[in-house]
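Undergrad: Sequence and predicted structure are below.
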There are 2 protein chains.
Amino acid sequence: MIIDCHGHYTTAPAELEAWRKLQIAALPDPASGPKTTDLSITDDQIRASLENAQLAMQRERGTDLTIFSPRASFMAHHVGTEATSRDWSQLCNDLVHRVCQLYPDNFVGVCQLPQSPGVPPERCIAELERCVSELGMIGCNLNPDPSGGYWKEPPLTDRWWYPLYEKMVELDVPAMVHVSTSCNPCFHATGAHYINADTTAFMQFLTSDLFRDFPTLKFIIPHGGGAVPYHWGRYKGMAQDMKRPPLKELLLNNVFFDTCVYHYPGIELLAKVMPVDNILFASEMVGAVRGIDPDTGHHYDDTRRYVDQLQSLSEADRTKIFEGNARRVFGRLGNRTAREVNGG
Amino acid sequence: MIIDCHGHYTTAPAELEAWRKLQIAALPDPASGPKTTDLSITDDQIRASLENAQLAMQRERGTDLTIFSPRASFMAHHVGTEATSRDWSQLCNDLVHRVCQLYPDNFVGVCQLPQSPGVPPERCIAELERCVSELGMIGCNLNPDPSGGYWKEPPLTDRWWYPLYEKMVELDVPAMVHVSTSCNPCFHATGAHYINADTTAFMQFLTSDLFRDFPTLKFIIPHGGGAVPYHWGRYKGMAQDMKRPPLKELLLNNVFFDTCVYHYPGIELLAKVMPVDNILFASEMVGAVRGIDPDTGHHYDDTRRYVDQLQSLSEADRTKIFEGNARRVFGRLGNRTAREVNGG
């Protein structure tokens, strides 16, 4: 079985974006804006949005289950107020939940959090609890920079974030560290801001004792861990210079890397450098890179092909990457079927 | 011959930092601050600062020439005003010049620019001209984020920077894209900010027509290009999705990557992914990572060992990485000896 731990609902029906535009247009007078109940999307529209996209690709690529969350670039936590993010997050999470109900074998949900710049992360706990306890979701996406490219929040290792971590631990859900769009003209969103955030979060973890405080807290750093595996010697050496514990002990029980790296040499490096227990298969398909590589004839984001090519892996190790590690990191999935998680 | 294209004077005598502290202490009343002529460092002090550090390592590692610039983390362009940066840059550049005069075979100079947040880059031209024309320097370090981690300047591809680029082209000097310290608590300087800046700059270049406007302008992206080679498929695919020209045509005549990647698998990836003509040997020795890797018994930043290990390289290609590419990118070095460049 192959679990893709990183997929966003990038193909949601246009009504969702239209609703958001109305919400944004009404920011000066929120009472005049749309209600969450105003969004009208039919089951058939949801099916149509997935059948020729994520579902077709699951079939073509031979993957089974996608851990699915709202579109990352649309989270845009910098927009409006806490109430803006709360309504928008609920709407997006509910829509992902409907996807999981319609295709309970193909998708399991991960939620967007209603973060807002400067608002304490504990204010996200209610939505996290709702998504996990009521909607059967198994994780959350945590944005280390709700400002959208200006990095005004404290580092992820600051006590500012601790109440949310306490709840994550209690619920046994990991967070994928995932920024949203960039408002900073210096940072291209998917080409710089995403990758930078991955690298930034890792270095925050490296310089802190967060995992001494939360030994079971788990983070997935997406996009192959940003620059981290490529610079593994740098990080190992810096930790050593700082007299930090070895990286394995310091953070590899808590930090995991996905395989959203869109060429074989990158995946090869990841597998060479990182312990197999820390790698989770993912593609972020229908995401940042949608084309076909003329040199291979396959989609750049068809990352299964790269993992399949890794000759150094034993079959047991490949199974860890494709399935076992995801079941371990997403504790609420565990050994259950997706249908069981979805309440089917 | 082996040219290390990325070295900073990290071991400068303590008098330099003491002068800077006085300058900073006098920011509220600059007239009360130290004069540049107040800095007193003897030739023997300079020799002592290098003999057991950069020079010893050149000998031990068998490298010949270091392209040498002021300490990157000390540039701190966010401090004070344009005048603050002007005095500090002149002082640091003059000190590097003295290094090159004392060891004309071992070092060739690259200058720090007197950037200051919000000050047009053309205001750096005078110092660039002085360093190149009077001090024999062959390049500059360009900070894309003089704010120190808040990224308030326009992207490097904005016309804001063009007057400086015109001068760089006229003088035939490349810039290494190099940030300085980070004031943003989210970004560890050498562990996140440096690497993020590399990735950020590359993506700025990818999305612009800068090199159509300046076909001979050259940038070195240090630290192995940040995350770029690891995510080469991502960048290739994004350029394709955006209907940009192929990366080779779009920017590989103008953008080069150094080998400051501190483990063999990283260098192996770099050499696998990037055309050999775009890789310049560098170590940034006595820099961000100073320890010895217990797994190899050698310094993490002894990057020559990694390049030597690359069995895929022909000897001609290895010579390009070690010497030829640096002579091409640093046009003022060209086929000259270091001593000739230094006016010896």
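TA: On my side now, so go ahead. Residues are numbered from 1 along each chain as shown, chains lettered A, B, ... in the order given.
Undergrad: Report the secondary structure state of the spatially most central residue of chain A.
TA: With distances taken as C-alpha atoms, centre = their mean, A:M176 lies nearest the centre of chain A, 4.1 Å away. What DSSP: H, G, I helix; E, B strand; the rest coil gives for A:M176 is strand.
Undergrad: what about the stretch 101-250 of chain A, any weak spots by pLDDT?
TA: With pLDDT under 70 as the threshold, the stretch 101-250 of chain A has no low-confidence stretch at all.
Undergrad: thinking again about what came up before, list the contacts for the residue nearest to the centre of chain A?
TA: A:5-6, A:69, A:110, A:139-142, A:219-222, A:258 (C-beta atoms under 8 Å, 6 or more residues apart in numbering or on different chains). From N, CA and C alone the C-beta is placed, and that goes for glycine too.
Undergrad: possible to save the residues you listed as a markdown table with secondary structure, neighbour count and distance to chain B?
TA: As requested, these are arranged in a markdown table below (DSSP: H, G, I helix; E, B strand; the rest coil; neighbours: other C-beta atoms under 10 Å in any protein chain shown; distance: C-beta to the nearest C-beta, whole Å):
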| residue | secondary structure | neighbour count | distance to chain B |
| --- | --- | --- | --- |
| A:C5 | strand | 30 | 18 |
| A:H6 | strand | 28 | 14 |
| A:S69 | strand | 27 | 20 |
| A:V110 | coil | 30 | 22 |
| A:G139 | coil | 29 | 23 |
| A:C140 | strand | 27 | 20 |
| A:N141 | strand | 23 | 18 |
| A:L142 | strand | 26 | 14 |
| A:F219 | strand | 24 | 15 |
| A:I220 | strand | 29 | 17 |
| A:I221 | strand | 24 | 12 |
| A:P222 | coil | 28 | 12 |
| A:D258 | strand | 28 | 13 |
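Undergrad: What residues sit buried inside the lengthiest helix in chain A?
TA: Criterion DSSP state H: the longest helix present in chain A is helix A:82-102. Neighbour counts over helix A:82-102 (16 or more other C-beta atoms under 10 Å in any protein chain shown) mark A:82, A:84-101 as buried.
Undergrad: now do stretch A:48-57
TA: Of the residues in stretch A:48-57, those buried (16+ other C-beta under 10 Å) are A:S49, A:L50, A:Q54, A:L55, A:M57.
Undergrad: contacting residues for the closest residue in space to the residue nearest to the centre of chain A that isn't next to it in sequence?
TA: Once flanking residues are discounted, A:M176 sits nearest to A:I220: 4.4 Å by C-beta to C-beta, 6 or more residues apart in numbering or on different chains. Each residue near A:I220 by C-beta under 8 Å, 6+ apart is listed here: A:5-6, A:139, A:174-177, A:255-258, A:280, A:329.
Undergrad: Next, give phi and psi for the residue of the stretch 101-250 of chain A found nearest chain B.
TA: Closest residue of the stretch 101-250 of chain A to chain B, C-beta to the nearest C-beta: A:G233 (2.8 Å). Dihedral angles of A:G233 (phi, psi; degrees, to the nearest 10) stand at phi -60, psi -40.
Undergrad: Can you give me the neighbour number for it?
TA: 24 (other C-beta atoms under 10 Å in any protein chain shown).
Undergrad: how much space between it and B:C140?
TA: 28 Å (C-beta to C-beta, to the nearest Å).
Undergrad: same question, A:S133
TA: On the measure of C-beta to C-beta, A:S133 and B:C140 end up 57 Å apart.
Undergrad: Could you do A:L206 as well?
TA: From A:L206 to B:C140 the distance is 31 Å (C-beta to C-beta).
Undergrad: A:D29 too?
TA: In terms of C-beta to C-beta, A:D29 sits 51 Å off from B:C140.
Undergrad: Which pLDDT value goes with the nearest residue to A:G33 once chain neighbours are set aside?
TA: With sequence-adjacent residues excluded and distances taken as C-beta to C-beta, 6+ apart, A:G33 is closest to A:A26, at 3.0 Å. We have a pLDDT of 98 for A:A26.
Undergrad: Likewise for the one 4 residues further on?
TA: Reading off the confidence values, A:P30 has pLDDT 94.
Undergrad: got the contact list for it?
TA: A:G80, A:T81, A:A83, A:T84.
Undergrad: Same check on A:F68?
TA: The contact partners of A:F68, by C-beta under 8 Å, 6+ apart, come to A:G7, A:H8, A:Y9, A:Q54, A:V96, A:V99, A:C100, A:F107, A:V108, A:G109, A:V110.
Undergrad: can you pull out the helices in the stretch 201-344 of chain A?
TA: Along the stretch 201-344 of chain A, counting by DSSP state H, counting those that start in this stretch, helices occupy A:210-213, A:232-241, A:247-251, A:264-273, A:303-309, A:315-319, A:325-329, A:338-341.
Undergrad: Other residues contacting the first one?
TA: To tie it back to what came earlier, the one meant is helix A:210-213. So helix A:210-213 is in contact with A:L156, A:T157, A:Y162, A:F205, A:L217, A:L250, A:L251, A:N253, A:N254, going by C-beta under 8 Å, 6+ apart.
Undergrad: what's the closest non-adjacent residue to the fourth one?
TA: The shortest distance from A:F205 to any non-neighbouring residue, by C-beta to C-beta, 6+ apart, is to A:L251 (5.1 Å).
Undergrad: same question, the second one
TA: Once its chain neighbours are removed from consideration, A:T157 has its nearest residue in A:S208; the separation is 3.5 Å (C-beta to C-beta, 6+ apart).
Undergrad: so that neighbour touches A:P154, yeah?
TA: No: applying C-beta atoms under 8 Å as the test, A:S208 and A:P154 come out as separate, 11.2 Å apart.
Undergrad: pLDDT wise, what is the residue lying closest to the residue of the stretch 101-250 of chain A closest to chain B once chain neighbours are set aside at?
TA: The shortest distance from A:G233 to any non-neighbouring residue, by C-beta to C-beta, 6+ apart, is to B:H263 (2.8 Å). Note for B:H263: predicted pLDDT of 98.
Undergrad: Next, the contact list for B:H263, please.
TA: A:H231, A:W232, A:G233, A:R234, A:K236, A:V273, B:D293, B:Y300, B:Y306.
Undergrad: out of those residues, who has the most neighbours?
TA: Neighbour max across the contacts of B:H263 (other C-beta under 10 Å) = A:H231, 30 neighbours.
Undergrad: right, and it touches B:I267 too?
TA: No: look at A:H231 against B:I267 with C-beta under 8 Å: they stay out of range, at 11.0 Å.
Undergrad: Spit out the residues that contact these two alike.
TA: Counting by C-beta under 8 Å, 6+ apart, the residues touching both A:H231 and B:I267 are B:G224, B:V261.
Undergrad: Can you tell me how far A:S314 is from A:D277?
TA: Distance from A:S314 to A:D277, by C-beta to C-beta: 13 Å.
Undergrad: Leaving out the residues flanking it, which one is nearest to A:T296?
TA: A:R305 (7.6 Å).
Undergrad: For chain B, see how far away that neighbour is.
TA: Using C-beta to the nearest C-beta, to the nearest Å, A:R305 is found at 11 Å from chain B.
Undergrad: What parts of the stretch 201-344 of chain A come near chain B?
TA: For the stretch 201-344 of chain A, the residues in contact with chain B (C-beta under 8 Å from any C-beta of the partner chain) are A:202-204, A:206-207, A:223-224, A:226-227, A:229-238, A:240-241, A:261-266, A:268-269, A:272-273, A:288-291, A:293, A:300-301.
Undergrad: Could you pick out the buried ones from those?
TA: Neighbour-count burial (16+ other C-beta under 10 Å) is assigned, among these, to A:202-204, A:206-207, A:223-224, A:226-227, A:229-238, A:240, A:261-266, A:268-269, A:272-273, A:288-289, A:291, A:293, A:300-301.
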